[in-house]
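**Q** kindly generate the corresponding structure for this input.
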Amino acid sequence: MSQRYAAPDSAMGGSPTVADRPAASGPPTWARRLAAILLILSALAAFGYAGVSVYIATALADQAEPPLAITRTPADLGLAYHDVMFASRGDALTLRGWFIPGVLSGGRLTVQRTIIVVHGARQNRTDPAAGLLDLSGDLVRQGFAVLAFDMRGHGQSQAAPFSLGYFEQRDVLGAVDFLRSGSLPFPELGRPHQIAGWGVSMGANALLLAAAREPALAAVVADSAYPDITPILEREIPKGGAPAPFAPGGLLAARLLYGINFYDIRPVDAVAHIAPRPLFFIQGGADTFNPPTNLAVLTAAARAAPDASVESWLVPGADHAQAFHVAGSDYVNRVVAFYNQALGPDSAA
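**A** Okay, the predicted model is just below:
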């Protein structure tokens with residue numbers, strides 16, 4: 001009996017064996033592992049960048065320290081005043097301050113020409129760093145009423161994110177609304193005929209931005225204002241420990257978390273819109289924080305308006321927001337002369 005030979009499946013047209021199948025195509029194992037590692041590292045880097053950016057935004061916007069306490073009042077200068085309270089324009093935050101009538105010859109009080117004074121960052125309505133209460137007293141004795149108030153998150157006003165002028169301009173506009181239509185504490189003196197502003201550093205920025213939107217501000221003195229806050233932040237953020245490449249991420253995070261667009265804090269784009277109302281820029285010649293060259297930048301931008309009325313003064317030897325301390329009576333005389341020219345005389349005088 002003959003044996004039968006069983007041919008392989010391949011010879012009989014069946015399915016190929018495992019050994020006969022072609023090898024799987026695709027990148028080698030080491031390449032797949034490298035890609036996975038790179039993806040993980042990229043995700044970790046993105047997560048780390050986002051984390052540091054959030055930290056920067058929080059450090060910028062949060063008032064970590066308690067507001068600076070108010071330790072002096074106009075009474076310490078022998079001046080009459082009343083506490084006032086009003087709301088910021090748009091978001092109705094509660095702001096607190098003082099209304100101080102001007103003093104004319106013979107001790108008569110007046111509110112015809114009222115100056116809104118706006119303090120600097122991390123200060124309050126007295127702003128001892130800039131000497132604001134003493135300057136307010138000097139203005140009052142020259143016949144100008146003064147509305148001094150704490151911006152949001154400062155002094156005794158309502159807590160809020162710190163935005164270097166982006167939201168604080170609403171506080172200045174709220175002060176204008178209060179003077180125009182609020183319940184004033186000296187009703188027998190009537191309502192102001194003219195409203196002007198004085199601001200220092202961050203307060204100067206908030207005032208300039210507000211004045212560009214509010215024609216009721218008839219004249220503005222801006223001491224140590226910044227043309228653009230972004231270069232200052234990009235310079236200062238690394239000093240807090242975050243590498244410079246994280247600064248843009250921190251500014252973006254501030255917009256997403258708090259609604260603050262630091263890139264929009266550009267008084268250099270706003271000052272021409274204040275014309276024909278008079279502007280007076282003051283800057284310390286020895287300013288180590290806000291370069292003195294910024295005075296020329298702001299002045300040139302303001303004078304670009306065809307009907308501009310702009311003065312400027314570089315105070316020799318004065319550091320940031322220190323011009324009043326350095327120049328003293330000369331500072332007061334120049335500011336008073338500017339307001340007298342811009343607002344005209346007090347008719348009661």
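
**Q** low pLDDT regions in the chain?
**A** Low-confidence segments of the chain (pLDDT under 70): 1-26, 38, 41-49, 63-64.

**Q** change it to 50
**A** Applying pLDDT under 50 to the chain picks out residues 1-16, 18-19.

**Q** what about the strands in it?
**A** 82-87, 94-100, 102-103, 109-110, 113-118, 145-149, 194-200, 217-223, 279-284, 310-315 (DSSP state E).

**Q** of the ones you listed, flag the one that's most buried.
**A** Each of the strands of the chain was scored by mean neighbour count; the highest is strand 113-118, a mean of 29, by mean count of other CB atoms under 10 Å. Every residue, glycine included, has its C-beta placed from N, CA and C.

**Q** pull up the pairing partners for that strand, direction included.
**A** Here strand 113-118 has these sheet partners by DSSP bridges: strand 145-149 (parallel), strand 194-200 (parallel).

**Q** not counting that strand itself, show me its contacts.
**A** 102, 125, 132, 135-136, 139, 143-149, 151, 171-172, 175-176, 179, 192-200, 203-204, 206-207, 217, 339, 343, 346 (CB atoms under 8 Å, 6 or more residues apart in numbering).

**Q** pull the CA atoms of that strand into CSV?
**A** The C-alpha trace of strand 113-118 is given here as CSV (Å, rounded to 0.1, in the frame of the first residue of the first chain):
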residue,chain,number,x,y,z
ARG,A,113,-12.5,124.8,41.0
THR,A,114,-12.1,121.3,42.3
ILE,A,115,-9.0,119.1,41.7
ILE,A,116,-9.4,115.3,41.8
VAL,A,117,-6.0,114.0,43.2
VAL,A,118,-5.1,110.4,42.3
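
**Q** how far off strand 94-100 does that strand point, in degrees?
**A** 140 degrees (axes from the mean of the first three to the mean of the last three CA atoms, to 10 degrees).

**Q** wait, A348 touches G106, no?
**A** No. In this structure, A348 is not within contact of G106 by CB atoms under 8 Å, at 10.7 Å.

**Q** ok, these two, which is more surrounded?
**A** Set A348 next to G106 and count neighbours by other CB atoms under 10 Å: A348 wins out with 15 against 5.

**Q** quick one: residues contacting that one.
**A** Applying CB under 8 Å, 6+ apart, the residues near A348 are 104, 108, 110, 112.

**Q** and what of D269?
**A** Counting by CB under 8 Å, 6+ apart, D269 has contacts A301.

**Q** tell me how far it lies from D91.
**A** For D269, the distance to D91 equals 23 Å [CB to CB, to the nearest Å].

**Q** and the end-to-end length of stretch 203-221?
**A** 11 Å (CA to CA, to the nearest Å).
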